[in-house]
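# fold the stuff below for me.
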Amino acid sequence: MAELPVSASGSVSDPVSRDVLATIEDVRRRLFGRLEGLTDAEYLWEPVGDSLSVRAGADGIFRVEDMVPEPVPGKPDPVTTIAWRIAHIGTFCLRGYVIHFFEDVPDFGDREAWPGTAKAGVEALAEDWDRFVSRIAALGDRRLVAPMGVGPEPWSNDTYLKLALHALDEVAHHGGEIGLLRDLYLREGL
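You can find the predicted model right below:
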């Protein structure tokens, strides 16, 4: 994973970009710190019987289950595995933002395909993270605070700064849930 060096945010002369990139790096460092040593058993652990996860299909390819589950009135949202949450951050958030809001989109193939092992899942998340952050870093303050002009409505009228802040919100809240799931897994049966 290409880590944004501490000096990189300091070498960016635009103050908003510098601060956003420094905050993104702080969030990345915390999340990936919590993912160190993640085992396949933790990655796929289902804390309840009807958990959403990343599962192999009949073709042997692992895919994200019900990427955006439809809410059912009176029923709580499904519990998800660490694998699902890592995939959600990578595919739905960071990869999705690159696909919808930037013009230089790499070929991702099957967007819902996701690795079935912890090591490969964390590596895929790091790649999606790097793709998104490199695009934010290349904008500069002027472009960062101007309307994006691309992507689905109403987002195209919003700024890349708002997109970066939304990404931080998604990563922070799902990252916290990943940390909690790891804590619960490690204490299961104690």
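# quickly note the distance from residue 185 to residue 160.
36 Å (CB to CB, to the nearest Å). No exception for glycine: its C-beta is placed from N, CA and C like everyone else's.
# have a look at those two and say which one is more surrounded.
A count of neighbours by other CB atoms under 10 Å puts residue 160 above the other of residue 185 and residue 160, at 21 against 18.
# what sits against the more buried one?
When contacts are counted by CB atoms under 8 Å, 6 or more residues apart in numbering, residue 160 touches 101, 136, 139, 143, 144, 145, 146, 148.
# wait, the first one touches residue 155, no?
Same thing as residue 101. Yes. Counting by CB atoms under 8 Å, residue 101 does reach residue 155; the two are 7.1 Å apart.
# joint contacts of the two?
148, 163.
# between these two, which one's more packed in?
residue 101 (20 against 17).
# please list all residues in contact with the more buried one.
148, 150, 151, 155, 160, 163.
# ok, the fourth one touching residue 100?
Yes. In this structure, residue 155 sits in contact with residue 100. The criterion is CB under 8 Å, and the distance is 7.5 Å.
# what about residue 176, neighbour count?
By the criterion of other CB under 10 Å, residue 176 has 14 neighbours.
# and the top helix by length along the chain, what's buried?
Secondary structure of the chain read by DSSP state H shows that its longest helix is helix 160-187. Of all the residues in helix 160-187, those buried under the rule 16 or more other CB atoms under 10 Å are 160-161, 163-164, 167-168, 170-171, 174-175, 178-179, 181-182, 185.
# likewise stretch 122-142?
Buried residues in stretch 122-142, counted by 16+ other CB under 10 Å: 122, 124-133, 135-137, 139, 141.
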